[in-house]
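Student: What follows is a predicted structure for the sequence shown.
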Amino acid sequence: MSIHHLIDNKAILSACLLSAAGALVFNAFPQVLTAIAVEFEMGEADVGSLISAYMGAFALIALFAPLWMPRVNWKSSSIAAYCLVTIGILLLNQFSKEQIVFAMAIMGLGSGILFTISVGIISAAKDPDRGFGFKLTAEMVLGAILIFVVANIIAGEFGYAGFVYGALCLYLLTGIGLLWLPENFLGKVSEEVDAQKAGGVNLPAILASAGLFIFFGAYTGVWSFAAHIGAEHGIDEASINTTLTLALISGIGGALLCAWIGQNFGQKLPLIGGMITMIAAILLLIYGQGMLSYAIAICTINALLQFVAAYQMGLITEVDNTGRFTVMIAFILASSAAISGDLMGSLIESQGMINAMLISVFAIVIAIVLSLVTLKLAPEAEHHS
């Protein structure tokens, strides 16, 4: 699409702030879910249902993005999204245990709108790789603030209510990005996109999308229960909070590393190498003992998520000659997280924590195979950005 000239630095800043708001709950899942689970005495399966409610609503918005994104007023839609998130957060402190799932779904709807609009803007940037690097950085920074400041300090002083209202304040602060939100430009180029679309089955794009779906699901399952794993290792809550904050900061490093390396080493080496290292980190998380191994594993896992997922999204974009798969990236991520959250909670209760984590390792192996086949079918993707 010839729309890069429509995006300036203020628009990128706006997209980064909206994306940080849209991804906040997911990036802070360990502490958000732990706070709710402790307050309402929930088990792992209940927590999995909360993940699925939030990410399912998020995925629903993303699924229909190709229909609504080119047609709606972005500023009005974003304001409505902030209202939904605000209502959802407030209901976390008003609803009963059985109703919390609906609050999570409302938050998921609002977050999905904000995140999807931000992805549309960043994708049109003159240098999208750099833009996505800033986007991921903003998401990690806001998530780290929620975990360290809100969950650790404010909630420690004011309890669950302090956590809820502290999270709401963070959301509202990002609303300043609405000032620089660009007009909806997608409708102006929709005819051009339609004219460029090609027919037929794009097997490399399908395989690359499946690889992202499986990998992100495996990561979500591990990350969402990271606090539970730390508790099982006998690590105290304050140390877990500090470790999760450091993990989000490590995610910033992973995003910036991807932006710095770019395509200097092609797609295959960083993509496959990153997933193999992720497997090693999960095994360390499972079998390691003590605070040090837990911290190294969690920080490595979150850093690699940003690193590997960025390359996987780049691979989809590279092999997608129609744009159909690229605009569905947000849906792929959200639906993967929605399914894996509920599945992981059930697996932990039925198979135990270790076996559930080993299933995540097996899923990453499948993602590696899918990525290798994609690169084999479309070898040019390995050498071009």
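Tutor: Alright, I've got the coordinates.
Student: So, low pLDDT: which residues of the stretch 251-385 of the chain?
Tutor: 262-263, 322-323, 379-385 (pLDDT under 70).
Student: Which stretches in it count as helices?
Tutor: 268-287, 290-319, 329-351, 353-377 (DSSP state H, counting those that start in this stretch).
Student: Nearest to L203 among these would be which one?
Tutor: Among the helices of the stretch 251-385 of the chain, the nearest to L203 by Cβ to Cβ is helix 353-377 (6.2 Å). For glycine as for every other residue, the C-beta is placed from the backbone atoms N, C-alpha and C.
Student: Just the buried positions in the closest one, please.
Tutor: 353, 356-358, 360-361, 363-364, 367-368, 370-371, 373-375 (16 or more other Cβ atoms under 10 Å).
Student: What is the nearest of these to F26?
Tutor: So of the buried residues of helix 353-377, ranked by how close each gets to F26 (Cβ to Cβ), first place is S360, at 16.8 Å.
Student: which residues does the closest one contact?
Tutor: Contacts here follow Cβ atoms under 8 Å, 6 or more residues apart in numbering; on that basis S360 touches A218, Y219, G221, V222, I282, M344.
Student: how close does it get to G221?
Tutor: 5 Å (Cβ to Cβ, to the nearest Å).
Student: Which residues are in contact with each of these two?
Tutor: Taking Cβ under 8 Å, 6+ apart as the criterion, S360 and G221 both touch M344.
Student: Now do the one helix or strand A205 maps to against helix 268-287, angle only.
Tutor: Using DSSP states H and E, A205 sits within helix 203-224. If you take axes from the mean of the first three to the mean of the last three Cα atoms, to 10 degrees, helix 203-224 sits at 30 degrees to helix 268-287.
Student: Alpha carbons only: can I get helix 203-224 in CSV?
Tutor: C-alpha atoms of helix 203-224 as CSV (Å, rounded to 0.1, in the frame of the first residue of the first chain):
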residue,chain,number,x,y,z
LEU,A,203,0.8,-22.4,1.5
PRO,A,204,3.9,-20.6,2.9
ALA,A,205,1.7,-17.8,4.4
ILE,A,206,-0.6,-20.5,5.9
LEU,A,207,2.3,-22.3,7.4
ALA,A,208,3.9,-19.2,8.7
SER,A,209,0.6,-18.1,10.3
ALA,A,210,0.2,-21.5,11.9
GLY,A,211,3.8,-21.3,13.3
LEU,A,212,3.0,-17.9,14.9
PHE,A,213,-0.3,-19.2,16.3
ILE,A,214,1.4,-22.3,17.9
PHE,A,215,4.5,-20.5,19.2
PHE,A,216,2.5,-17.6,20.7
GLY,A,217,0.1,-20.0,22.3
ALA,A,218,3.0,-21.9,23.9
TYR,A,219,4.5,-18.7,25.2
THR,A,220,1.1,-17.5,26.6
GLY,A,221,0.6,-20.7,28.5
VAL,A,222,4.0,-20.4,30.2
TRP,A,223,3.9,-16.6,30.8
SER,A,224,0.3,-16.5,32.2
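Student: Show me what it is packed up against.
Tutor: Helix 203-224 sits against helix 29-40, helix 44-63, helix 268-287, helix 290-319, helix 329-351, helix 353-377, with contacts defined as 3 or more Cβ pairs under 8 Å, 6 or more residues apart in numbering; DSSP states H and E.
Student: so what's the nearest residue to G217 once chain neighbours are set aside up against?
Tutor: Take G217 and drop its neighbours on the chain: the residue closest to it by Cβ to Cβ, 6 or more residues apart in numbering is S340, 3.6 Å away. Residues in contact with S340, defined by Cβ under 8 Å, 6+ apart, are I51, F216, G217, A218, T220, G221.
Student: 10 Å - rerun?
Tutor: Contact partners of S340, counting by Cβ atoms under 10 Å, 6 or more residues apart in numbering, are 48, 51-52, 55, 213-214, 216-224, 347, 360, 363.
Student: what about the helices in the stretch 101-250 of the chain?
Tutor: Assigned by DSSP H, counting those that start in this stretch, the helices in the stretch 101-250 of the chain fall at 128-145, 155-174, 186-196, 203-224, 226-232, 237-261.
Student: List the buried residues for the longest one?
Tutor: Put plainly, it is helix 237-261. For helix 237-261, by 16+ other Cβ under 10 Å, it's 237, 240-259.
Student: Over to the first one?
Tutor: Burial within helix 128-145, assessed by neighbour count using 16+ other Cβ under 10 Å, is assigned to 128, 131-145.
Student: Same check on the fourth one?
Tutor: Taking 16+ other Cβ under 10 Å as the neighbour-count basis, helix 203-224 is seen to contain the buried residues 204-224.
Student: Please state the offset of the helix holding A205 from the chain centre?
Tutor: Helix 203-224 has its C-alpha centroid displaced from the chain centroid by 12 Å (Cα atoms, centre = their mean, to the nearest Å).
Student: E98 against F40, yeah?
Tutor: Yes - judged on Cβ atoms under 10 Å, E98 makes contact with F40 at a distance of 9.2 Å.
Student: What is the nearest of the contacts of S360 to L181?
Tutor: Scanning the contacts of S360 for proximity to L181, where the rule is Cβ to Cβ, the winner is Y219, at 29.6 Å.
Student: contacting residues for the closest one?
Tutor: 278, 282, 301-302, 304-305, 308-309, 336-337, 340, 360, 363-364, 367.
Student: Try it again at 8 Å.
Tutor: M278, I301, L305, A309, S360.
Student: Which one of the contacts of S360 is nearest to I316?
Tutor: When those are compared against I316 (criterion: Cβ to Cβ), the nearest one is Y219, at 16.5 Å.
Student: give me the number of residues near the closest residue to N73 other than its chain neighbours?
Tutor: Among residues not flanking N73 along the chain, N184 sits closest, at 6.3 Å (Cβ to Cβ, 6+ apart). By the criterion of other Cβ atoms under 10 Å, N184 has 19 neighbours.
Student: I appreciate the help and will end here.
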